[in-house]
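**Student:** generate coordinates for the sequence data below:
(one chain, ligands or ions: 2)
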Amino acid sequence: MPGIWYGGDYNPEQWPPDVLAQDDELMRRAGVDTATVGVFAWASLEPEPGRYTFGWLDDALDRLHANGIRVLLATPTASPPPWFGPAHPDALPVGPDGVRLSHGSRDTYCAAAPAYRRAALRIAGRLAVRYAGHPALALWHVHNEYGTVCHCDHAAAAFRTWLRARHHDDLDELNAKWHTAFWSQGYSRWEQVLPPRATQYLPNPAQVLDFRRFWSDQLLAAFTEQRDLLRRHTPDVPVTTNVMLPSDHQTLDLWRWAREVDVVAVDHYLNATGPAGRADLAFGADLTRSFNAGRPWLLMEQATSVIYLYEQGVIAARPPGRMRSDSLGYLARGADSVLFFQWRAGPGGAELHHSAMVPHAGPDTRVFREVTELGADLRRLGELAGSTVRAQVAVLWDVEAWWAVAGRGLPSSRLRYLPALRQVHAALRRAGVVADFAHPEQDLARYRAVFAPSQYLLSDLGTQSLRRYVAGGGRLLLGCFSGVVDQRHLVRRGGWPGGLLDVVGIRVEEHLPLVDGERVALSGGAVGTLWSELLQARGAQVLADYRDGPLAGAPAVTRHAFGAGAAWYVSTVLDDVALAALLGDLLAQAGVQPELPGAGPQLEAVRRHAADGRSWLFVTNHGDTGCELAVRGVDLLTGTRADGVLRLAPGADAVLREDLPTARAAGA
Ligand code: GLA
Ligand code: GLA
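**Tutor:** Ligands and ions are numbered 1, 2, ... in the order given. Down below sits the predicted model:
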């Protein structure tokens, strides 16, 4: 992938020729070199079943190619046309409550319905035949943000097939794993097994967990069959799909998905303005890089000038300069593209108030000027494409642990997965440390420290992996309410974290969740919220104990040497200050240094490395005062040399091509 790809979703089907002519000129001005075309264009390509209208897309691809723009060509299967539902009413999705949805928005299909899968393959195949060999075609963008869930009879039948494969076609095994002896749920025939549809009271958590696994696999099958079809026609064109980064829920097991795409591509919409938005950016970017096994990844969509604050129902403005700084922030953490939804704002449709590179007010705007400046910046950064980020620590990401802890009937609904991971990731970032994410079952040996903030579910394989990691010299931090259930969602009996009792040197015997607003004091001035636990130290050193409430005097935070490594256990949700102090000690013991001396809450620093030894240091000054960095190299954004000192104004970014070590030594 030469250079940094710059551009966004482009919808020529929505515009008359005079606007398209203006697009050509504006894309040149902005330095756009990439366009994602055809997402949601199914009705424009196949207005009636089997009648195709490719003329406009032929013209668009020819025109873009003539302008030097590569095309990421989408299959339009996320939005079946209006004719699809009446022709195949059984292929429209059904909610858990049994209500079948109607056409009227997008993503209205059941991915398990044979009619949908056939129609999707047919239109994808037509595109492949027609555009194989087109010089503009750089990448296939299958579908858009897979995620629609269905509970219909097709889904039920496919769920049973999946269950039979997973549980050795043995209904007794399923009954045992799901513990169906509870509440008279013992199945005597596979046909009785249903998706978790609306029911009287709490569902069976093992059934819910298996359904979520199944549905991620079901969507993945819909993706891979399109991918395989496209590959047959264009073996040299990479295939991907743009996935949504986790917000309040997560439908896909992205570790599994990442193995099936040629490059991981994500859509990231920041969840907050100000510094919290920047923490979200780093979280999303580190996650994506990790899903892509450390290789450069594609930022397929972000917004130009807005930030969605869903919980408040507000589309907030992104302040001047933030789009540039944030885009550099994604590049710092391994992206090789800056792409937006969308090139030009459309005057109608459901997203008429979404932002764009060319806003409704036109090119004579603050937004388009910033878009043009960003294009020029990215051309100066082309040399770093392909380089990678090296992290010394990892945070565990395990969507099954998330799915399990998000279930109903748990001791607390307040103990949530994503906030727990975000808190640790943000604390590492404030310590100037760049983190990867990792799966508990993977080999973790290359990390100096591993953080597992929320592993309510920890599989047998994950347990063994963490044991090996610590025994081999790793440093592990385990958060509260971890190691409680196994991969079947059966409780590990005998105390927690089951399977790691000797590693952690403690045994939790009782969970004592805290109610809203309740706080518990710990020694050393720390404060715990949301959760507490009665635990015994069995060889672990007690770093902090509870100071009030029913647990006064009992251990709260512990450390235990095991094999060549050590494991920390935190039995409550610590305040940020206490967590930072604990991480500081842990990182020091693990020998983890910040990316750059002085990196921290004010100065963000991330490095990308090339295989040939070159490196680029991305720095951002988030503070209100200027700062000085002891560095040597050339700021690619300004062309200025720093010979030992780089001064960075408040809010400023720099991307330094660092002098090679030999040059540094000669200059010293
Ligand atoms: C009721 C039911 C029990 C059990 C408890 C749990 O008493 O009869 O089966 O569900 O609630 O609170
Ligand atoms: C997603 C979709 C886009 C658009 C944006 C708007 O990322 O992929 O089509 O709807 O959201 O936020």
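**Student:** and the helices in the stretch 501-650 of the chain, which stretches?
**Tutor:** For the stretch 501-650 of the chain, the helices defined by DSSP state H, counting those that start in this stretch occupy 501-504, 576-590.
**Student:** what lies in contact with the shortest one?
**Tutor:** Right, the one you point to is helix 501-504. 466-467, 470-471, 476, 478, 494-495, 497, 507, 538-540, 558, 560, 562, 567, 569 (CB atoms under 8 Å, 6 or more residues apart in numbering). Where you see a C-beta, it was placed from the backbone N, CA and C, and this is true even at glycine.
**Student:** sitting in strands, which of those residues do you find?
**Tutor:** Mapping those onto strands (DSSP state E) picks out 476, 478, 507, 558, 560, 562, 567, 569.
**Student:** so the third one makes contact with residue 539?
**Tutor:** No - using CB atoms under 8 Å, residue 507 and residue 539 do not qualify as a contacting pair, with a distance of 10.2 Å.
**Student:** got a list of what residue 361 touches?
**Tutor:** residue 367.
**Student:** do the same with residue 654
**Tutor:** Contacts of residue 654 (CB under 8 Å, 6+ apart): 617-619, 635, 637-638, 646, 648.
**Student:** most tightly packed of the helices of the stretch 501-650 of the chain?
**Tutor:** helix 501-504 (a mean of 22; mean count of other CB atoms under 10 Å).
**Student:** chain center to it: distance?
**Tutor:** 31 Å (CA atoms, centre = their mean, to the nearest Å).
**Student:** got the CA positions of that helix in PDB?
**Tutor:** Below are the C-alpha coordinates for helix 501-504, written out as PDB (Å, rounded to 0.1, in the frame of the first residue of the first chain):
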ATOM      1  CA  LEU A 501      -5.500 -19.600  42.600                       C
ATOM      2  CA  ASP A 502      -1.900 -20.600  43.000                       C
ATOM      3  CA  VAL A 503      -0.700 -18.100  40.400                       C
ATOM      4  CA  VAL A 504      -2.400 -15.200  42.100                       C
END
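**Student:** and that helix, average pLDDT?
**Tutor:** Helix 501-504 shows an average pLDDT of 98 in the prediction.
**Student:** mind listing the helices for the stretch 51-200 of the chain?
**Tutor:** 55-66, 84-87, 114-131, 153-166, 171-177.
**Student:** mean pLDDT and distance to residue 205 for the ones you listed - can I get that in JSON lines?
**Tutor:** Below are the helices of the stretch 51-200 of the chain laid out as JSON lines (pLDDT from 0 to 100; distance: least, CB to CB, whole Å):
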{"stretch": "helix 55-66", "mean pLDDT": "98", "distance to residue 205": "47"}
{"stretch": "helix 84-87", "mean pLDDT": "98", "distance to residue 205": "34"}
{"stretch": "helix 114-131", "mean pLDDT": "98", "distance to residue 205": "29"}
{"stretch": "helix 153-166", "mean pLDDT": "98", "distance to residue 205": "15"}
{"stretch": "helix 171-177", "mean pLDDT": "98", "distance to residue 205": "12"}
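**Student:** kindly report the residues of the protein close to ligand 2.
**Tutor:** 144-145, 267, 269, 301, 341, 351, 354 (CB under 6 Å from any ligand atom).
**Student:** which one (most neighbours) among those?
**Tutor:** Most neighbours among the residues of the chain next to ligand 2, by other CB atoms under 10 Å: residue 144, with 27 neighbours.
**Student:** give me the phi and psi for that residue.
**Tutor:** When read as degrees, to the nearest 10, the backbone of residue 144 gives phi -160, psi 120.
**Student:** that one and residue 100, how far apart?
**Tutor:** 22 Å (CB to CB, to the nearest Å).
**Student:** same check, this time on residue 129
**Tutor:** Distance from residue 129 to residue 100, by CB to CB: 33 Å.
**Student:** give me the more crowded residue out of the two.
**Tutor:** residue 100 (16 against 10).
**Student:** who's in contact with that one?
**Tutor:** 89, 92-94, 152.
**Student:** of those, closest to residue 254?
**Tutor:** Nearest to residue 254 among the contacts of residue 100 is residue 93, at 21.7 Å by CB to CB.
**Student:** settle this for me: the closest one is touching residue 105, isn't it.
**Tutor:** No - Residue 93 is beyond contact range of residue 105, at 11.2 Å (criterion: CB under 8 Å).
**Student:** those two: which is more packed in?
**Tutor:** Using other CB under 10 Å as the criterion, residue 93 and residue 105 rank with residue 93 on top: 22 against 9.
**Student:** what sits against that one?
**Tutor:** So residue 93 contacts 100-101, 108-110, 148-150, 152 (CB under 8 Å, 6+ apart).
**Student:** how about a cut-off of 7 Å?
**Tutor:** 101, 108-110, 148, 150, 152 (CB atoms under 7 Å, 6 or more residues apart in numbering).
**Student:** and the furthest pair within those residues?
**Tutor:** Once CB to CB is applied, the contacts of residue 93 give 108 and 152 as the farthest pair, at 12.5 Å.
**Student:** nearest to ligand 2: which residue in the stretch 201-350 of the chain?
**Tutor:** residue 267 (3.8 Å; CB to the nearest ligand atom).
**Student:** how about the nearest residue to the residue of the stretch 401-550 of the chain found nearest ligand 2, chain neighbours excluded?
**Tutor:** In the stretch 401-550 of the chain, the residue that lies nearest ligand 2 is residue 418 (18.2 Å; CB to the nearest ligand atom). Of all residues beyond its chain neighbours, the one nearest residue 418 is residue 246 (6.4 Å), with distances taken as CB to CB, 6 or more residues apart in numbering.
**Student:** leaving out sequence neighbours, find the closest residue to the spatially most central residue of the chain.
**Tutor:** Against the mean C-alpha coordinate of the chain, by CA atoms, centre = their mean, the closest residue is residue 245 at 3.6 Å. Sequence neighbours aside, residue 284 is the residue nearest to residue 245 in space, at 4.6 Å (criterion: CB to CB, 6+ apart).
**Student:** any low-confidence regions in this structure?
**Tutor:** Low-confidence segments of the chain (pLDDT under 70): 1, 661-668.
**Student:** what's across from residue 654 in the sheet?
**Tutor:** Beta bridges link residue 654 to residue 619, judged by DSSP bridges.
**Student:** and it, how far from residue 52?
**Tutor:** 50 Å.
**Student:** now residue 257
**Tutor:** Applying CB to CB to residue 257 and residue 52 gives a distance of 30 Å.
**Student:** no further queries at this time; thank you.
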